[in-house]
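**Student:** Requesting a structural model of the entry that follows:
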Amino acid sequence: MRQNNIQDMTIHEQLERVHELICDEYCKYPAIYNEKLNRSEYKDIDEAMDALGDEICARCPLMRL
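**Tutor:** Next up is the predicted model:
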């Protein structure tokens, strides 16, 4: 992907980049699932992130982009 220059990106690449930015920098749920991991609700980070994907990300409207 041509992430360095938005003018060189296709619309699909731009939408994908916005999706990544929102998930990585704005979504509150990874922090919530890290807290659940700290409270030993999950045995490891992989299990917590799998649960996040199944419970939250699967229903996120950004997944339609």
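**Student:** Which helix or strand contains Pro30?
**Tutor:** Secondary structure from DSSP states H and E places Pro30 in helix 29-38.
**Student:** Name the residues that touch the very next helix or strand once past that helix?
**Tutor:** Toward the C-terminal end, the helix or strand that comes next after helix 29-38 (DSSP H and E) is helix 45-55. Where contact means CB atoms under 8 Å, 6 or more residues apart in numbering, the residues beyond helix 45-55 that reach it are Tyr29, Pro30, Tyr33, Asn34, Lys36, Leu37, Glu41, Tyr42. Placement of C-beta: from N, CA and C, glycine included.
**Student:** at 10 Å what do you get?
**Tutor:** Where contact means CB atoms under 10 Å, 6 or more residues apart in numbering, the residues beyond helix 45-55 that reach it are 27, 29-30, 32-38, 41-42, 44, 57-58, 60, 63.
**Student:** do stretch 16-26 as well
**Tutor:** Applying CB under 10 Å, 6+ apart, the external contacts of stretch 16-26 come out as 1-3, 6, 9-10, 27, 29-30, 57, 60, 62-65.
**Student:** repeat for stretch 30-37
**Tutor:** For stretch 30-37, the surrounding residues in contact (CB under 10 Å, 6+ apart) are 23-24, 41-53, 55-57.
**Student:** Which among these count as buried?
**Tutor:** Buried residues within the contacts of stretch 30-37, defined by neighbour count using 16 or more other CB atoms under 10 Å: Tyr42, Ala48, Met49, Ala51, Leu52, Cys57.
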